[in-house]
Structure formats: C-alpha cells, structure tokens
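Asks: Give me a model of this one.
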Amino acid sequence: MDKQFLVDDFKIGEAWRLFRIMGEFVEGIETLHDIGPSVSIFGSARVQPDDPVYRKTEALAALFAKNNFAVITGGGGGVMEAANKGAAEAGGTSIGLNIILPFEQKPNPFANIRVDFKYFFIRKVMFIKYAAAYIIMPGGFGTLDELFEAVTLIQTQRIKPFPLILVGSDYWTGLIDWIKDKLLAEKRISPEDLEILQIMDEPDEIVKAVEKVIIL
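Replies: The predicted structure follows:
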C-alpha cells in the first residue's frame, strides 16, 4: 500500500521523488494550459444529491459553463460531483483534479477532463493557476483550507487578486462576523483585507461578479 504521509517520507537517497513531483507539475500544466477562463469550485464532499447545496452547486456550475467558463473541482463527491455534473451536462468543460488517497476519495464520473495527483500541494497550484475566481460552497476543513490559502496569497500579493466568493449568506456570515470581531478588531488584519471576500447567494449574481473582472 502507498504511504499516506508523503512529505514525512523524504529521506537521504530518496531525491528521486522530485522527479514524480516534476512529472505531476508537467502533466497538470500540459493538460490545463488551454482550457480558457475557469472557476475553481470548492465545498463539502459529504453532501448528497438531494441536498439543496448539491442542487445549487449543479445549477451554478451549469450557468458558468453556459457563459463560457470551464469548471474546476477536486474531482470527488459531494459539491465536487455536483459542479462537474452541472458543467458537463451544460456542455461545458468539466475538470476534476483528483487526489489519490488510500481510503477516501473516488473520482466522480462527470469530469470530462481528469488529472490525478499524489501530492496535495501540486494540486493546489493548479486550482490557483487556472482560476479566474474561487467559488466557495458550504464545506468543512478542506474547504476552509483552500479558502484561507487563497486569501493569504492575495493578501501577501503572491498572486493577482481575483473574486473569492462565499456562496450562502446563512452559512458564511458567522465566519465573516468572527473575522471582523476578532481579527479586524484586534488588528490582526487590515480593513482592506476584508474586501478580498464576498458573500453572495444567487447564481446569476455570482456569474456576473466574475464576468466583471474577466474578458472572455
């Protein structure tokens, strides 16, 4: 069985793993370099098809596809499946960046472009590199990880700013309130840092917000 803790497994004499890392970067870039304007959609892998979040994600991804955006997800179930399904069934480019894990993620069948990754950090680079926007549906720790990594990269000017949209005011308002009450009030962040994040609810509103900053 492949080892789970890949970063901890580097030892003297195992520099050959760097060639696997390089290979994953090359495969990702060669596969995705001409996909055009794209949005990366994140959210819980645990939602089921009868969940309103699943249905909303599916509709939102379809709307992006109809407006000439490719849709990128982590390639698994839940929100990822819903986004890939919505984009594919709308006739769009539906991309799944699948992570290979021993017991967890299985790729969903709706991505019409699929890239498999062994290393999370390479996969994260692809989400960022090809995203015209990050669309954050309700999710857990993995979703928060993607969210705050993008916020940090924009805040520190390591990447160009792009729309970072939290979908669902009922889900995300409490987080923004905490950021204001704690991080901003205690001067851990600057007021302009809050402008990186937007909360929206309606698919039409979300697509229009992304189109404003993208020339298709």
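Asks: For the chain, name the helix or strand with the lowest mean pLDDT.
Replies: Least confident element among the helices and strands of the chain, by mean pLDDT, DSSP states H and E: helix 17-32 (a mean of 93).
Asks: Report all helices and strands that that one contacts.
Replies: strand 113-117, helix 120-129 (3 or more CB pairs under 8 Å, 6 or more residues apart in numbering; DSSP states H and E). Where you see a C-beta, it was placed from the backbone N, CA and C, and this is true even at glycine.
Asks: Just the buried residues of the shortest one, please?
Replies: When you say that, I think you mean strand 113-117. 113-115, 117 (16 or more other CB atoms under 10 Å).
Asks: what angle separates that strand from helix 120-129?
Replies: 140 degrees (axes from the mean of the first three to the mean of the last three CA atoms, to 10 degrees).
Asks: can you list contacts of strand 113-117?
Replies: 24, 27-28, 31-32, 35, 75, 93-100, 107, 123, 126 (CB atoms under 8 Å, 6 or more residues apart in numbering).
Asks: could you flag which of these are buried?
Replies: If we count by 16+ other CB under 10 Å, the contacts of strand 113-117 have these buried: 24, 28, 31-32, 75, 93-99, 107, 123, 126.
Asks: Show me where the chain has its strands.
Replies: Here the chain has its strands, by DSSP state E, at 38-42, 70-73, 94-99, 113-117, 133-136, 164-167, 197-200.
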